[in-house]
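Colleague: need coordinates for the below:
(4 chains)
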2 protein chains.
Amino acid sequence: MSAATARRPNPSRKEATHERIVETAARAIRRSGFGGAGVAEIMKEAGLTHGGFYSHFESREGMLAEAADRAGAAGMAGLAQVAAAAPPKQALEAMLRAYLSKEHVEGVETGCAIAALGSEMPRQAPKIRRAATRRSKEMIDLVARQSPDWGQPGAHERALVTVATALGALVLARAVDDRKLSNALREAALNHLIPTD
Amino acid sequence: MSAATARRPNPSRKEATHERIVETAARAIRRSGFGGAGVAEIMKEAGLTHGGFYSHFESREGMLAEAADRAGAAGMAGLAQVAAAAPPKQALEAMLRAYLSKEHVEGVETGCAIAALGSEMPRQAPKIRRAATRRSKEMIDLVARQSPDWGQPGAHERALVTVATALGALVLARAVDDRKLSNALREAALNHLIPTD
DNA sequence: GCGCTCATATGACGATCATCATACACACAT
DNA sequence: ATGTGTGTATGATGATCGTCATATGAGCGC
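Modeller: This next block holds a predicted model:
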């Protein structure tokens, strides 16, 4: 428990619950999509009932926007952590290997939000799309910064292509019902994106 | 009530309606997703009421499977047509330019089904996933066949990467709320995928 | 300890959905 | 024309959903 901060009457009680709901929702939307994540189910999964929902969010859509942003942030943070844990020279390679790993293909619920929700984004509310855009730019910048040709002309364009390729390979590898094809997609994208020498 | 009468006064009447419903549904799922395409809405859009639906399909899911396959076939047919209309040497380039055109970014409803539904596929029924897998393979083969290095070792792998890059760029270009970024993604992917000389 | 306040629970409402039972209307053979 | 059968419409049912009004219970200041 928290007995530390005495600034506000009870700063953490409601906020902690709010946080837990958003965290749960961030996983739920990646698992079930925007439409498949019901209010009652999310609250139940967070250890609550559906009643108090509207004291935390003004609407279901508002919650979805928070959840989408959280999901995007979580995926980004995971990638950034992988990059930070690797030697600078191999940061990009480490990120790509993690992004195109079999574990990431199977772990939709905790993985990249753009891959899990990308094709649903065009019809989402402006708030959600803005979050997706911001997180996408972050991801592109992260890749660009770890690229060997950072700062050189065309580096940003190459980062765009790298992200597109990894995202497309992941989405396809998840979509198909054929293990061999799924693995072939991952391997082909990896061999193509990682400079072999 | 209905006995096994082998009498068909008009064999095409019902089939034509069935066809029209599937065609309508194929557009609806690309526009609204699998979950967002309701039975009543699809029937209404096909010029009917929701009542007769279950004389055409055994369930909503069965209809979705037909519609998904139809959507995949339509997207493929469009691409194949573009390829056929271009000089053989430029067939691949023509396909890529069409796939990554601004029109395709904006035309979700009549475009590539994998791009429109890709991130929803992992949680769909087996029938739907099988259709998606088959259509994906067709698309990869189509690209491989039009590639300049067709038959050479590694050509198939290169086709996998080409498809992944185009798909990822299209999904991202549609997802983001930023016109400039959307265009930059299309252009970057095109410049990278089309052999410039 | 007492009562006030806030976070959460209980329960209900209206809307929407897939599904099905039944009634109608049109086309064809006679 | 008339009746028969097939294709579609009308309407209902039960389930699920988002939303909200109200009740309950726990923690904090006095």
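Colleague: closest residue of chain A to chain B?
Modeller: Using C-beta to the nearest C-beta, the single residue of chain A nearest to chain B is A:G168, 2.7 Å away. Where you see a C-beta, it was placed from the backbone N, CA and C, and this is true even at glycine.
Colleague: burial count for that residue?
Modeller: Neighbourhood size, A:G168 [other C-beta atoms under 10 Å in any protein chain shown]: 31.
Colleague: kindly report the same for A:I128.
Modeller: 24.
Colleague: likewise for A:A16?
Modeller: Close neighbours of A:A16, defined as other C-beta under 10 Å, add up to 11.
Colleague: before we move on, what about A:H192?
Modeller: By the criterion of other C-beta under 10 Å, A:H192 has 19 neighbours.
Colleague: got the contact list for the residue of chain A closest to chain B?
Modeller: A:189, B:163-169, B:171 (C-beta atoms under 8 Å, 6 or more residues apart in numbering or on different chains).
Colleague: wait, A:M63 touches A:V22, no?
Modeller: Yes: at 7.3 Å, A:M63 counts as touching A:V22 under the criterion of C-beta atoms under 8 Å.
Colleague: these two: who's more crowded?
Modeller: Counting neighbours by other C-beta under 10 Å for A:M63 and for A:V22 shows that A:M63 has the greater number, 22 against 19.
Colleague: wait, A:H18 touches A:F53, no?
Modeller: No: counting by C-beta under 8 Å, A:H18 stays clear of A:F53, with 10.7 Å between them.
Colleague: do you know how far the residue of chain A closest to chain B is from B:A189?
Modeller: Distance, A:G168 to B:A189, using C-beta to C-beta, to the nearest Å: 9 Å.
Colleague: same question, A:K89
Modeller: In this view, A:K89 and B:A189 are 27 Å apart by C-beta to C-beta.
Colleague: same check on A:A25?
Modeller: Counting by C-beta to C-beta - A:A25 and B:A189 are separated by 32 Å.
Colleague: please name the residues that touch A:A84.
Modeller: Neighbour list for A:A84: A:A91 [criterion: C-beta under 8 Å, 6+ apart].
Colleague: between A:K89 and B:A189, who's got more neighbours?
Modeller: Using other C-beta under 10 Å, the more surrounded residue of A:K89 and B:A189 is B:A189, with 28 against 9.
Colleague: just to revisit the earlier point, name the helix or strand for the residue lying closest to the residue of chain A closest to chain B once chain neighbours are set aside, please.
Modeller: Excluding the flanking residues, the one nearest A:G168 by C-beta to C-beta, 6 or more residues apart in numbering or on different chains is B:G168, at 2.7 Å. In this structure, B:G168 sits in helix B:155-175 according to DSSP states H and E.
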